[in-house]
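1. Build me a model from this:
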Amino acid sequence: MKRAVYPGSFDPVTYGHLDIIKRASTLVDELIVGVLVNPSKSPLFTLEERVDILRKVTADIPNVRVERFSGLLVNFVSEMGARIVVKGLRALSDFDIEFQMALMNRKLAESQETIFLMTSDKYAFLSSSMVKDIYRLGGKADCLVPPYVSERLQAKYANLQNQQQEEE
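-> Predicted coordinates for the structure are as follows:
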């Protein structure tokens, strides 16, 4: 069985991520979406929320499974019984960073391969950071995220705004 891991923080998951998930899922028997605990980032959504959101928006893709992980990607890939890492690329700047990480991962685990999928051109500009900024400033971006993600973003920022008002 060909099994691959698509890692990321997915804070929040966007249509760009879903594009890579759907396309990668056609290349393997099972695609494990690994939701990363990244101590160098302060995510908007908790790990549990990100896993929940991803499970909801990928429920219609039968060979996709969502798991959480922390630590080294190569260890997680091994634990999942996979040998393939899938990474999405939007721009040349993504390639530079991802290429370095792929080489380091290859050094740590020679049996693992990284496969790069280019984003669809309609999502080349899209990032989770931009999406969060739009919602944080009171906008909506239904063309960038699934409806369920949009609802969760609106609720999260409304909750944060209420907390700030209570503190003042």
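2. Might you list the low-confidence residue ranges for this protein?
-> Per-residue confidence for the chain (pLDDT under 70) gives these ranges: 165, 168.
3. Show me where it has its strands.
-> Along the chain, counting by DSSP state E, strands occupy 3-8, 30-36, 64-69, 84-89, 113-118.
4. Of those, flag the one that's most buried.
-> Of those, the one with the most neighbours on average (mean count of other Cβ atoms under 10 Å) is strand 30-36, at a mean of 24. C-betas here are computed from N, CA, C, even on glycine.
5. got the angle for that strand vs strand 84-89?
-> Inter-element angle recorded for strand 30-36 and strand 84-89: 60 degrees (by axes from the mean of the first three to the mean of the last three Cα atoms, to 10 degrees).
6. Please state the offset of strand 30-36 from the chain centre?
-> 9 Å (Cα atoms, centre = their mean, to the nearest Å).
7. Number of residues surrounding residue 62?
-> Here the number of neighbours of residue 62 (other Cβ atoms under 10 Å) works out to 9.
8. just checking, what packs against the top helix by length along the chain?
-> Using DSSP state H to define each element, the chain has its longest helix at helix 147-167. Contacting helix 147-167 under the criterion 3 or more Cβ pairs under 8 Å, 6 or more residues apart in numbering; DSSP states H and E are the following elements: helix 47-57, helix 128-136.
9. could these go into TSV alongside distance to residue 85 and mean neighbour count?
-> Output for the helices and strands packed on helix 147-167, formatted as TSV (distance: least, Cβ to Cβ, whole Å; neighbours: other Cβ atoms under 10 Å):
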stretch	distance to residue 85	mean neighbour count
helix 47-57	17	18
helix 128-136	19	17
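10. want to try CSV for the ones you listed, with distance to residue 29 as columns?
-> Listed next are those as CSV, based on distance: least, Cβ to Cβ, whole Å:
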stretch, distance to residue 29
helix 47-57, 19
helix 128-136, 28
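11. how about those helices, which one is nearest residue 95?
-> For the helices and strands packed on helix 147-167, the distance to residue 95 is smallest for helix 128-136, at 18.4 Å, taking Cβ to Cβ.
12. Remind me what that closest one packs against, helices and strands.
-> Partner elements for helix 128-136 (3+ Cβ pairs under 8 Å, 6+ apart): helix 147-167.
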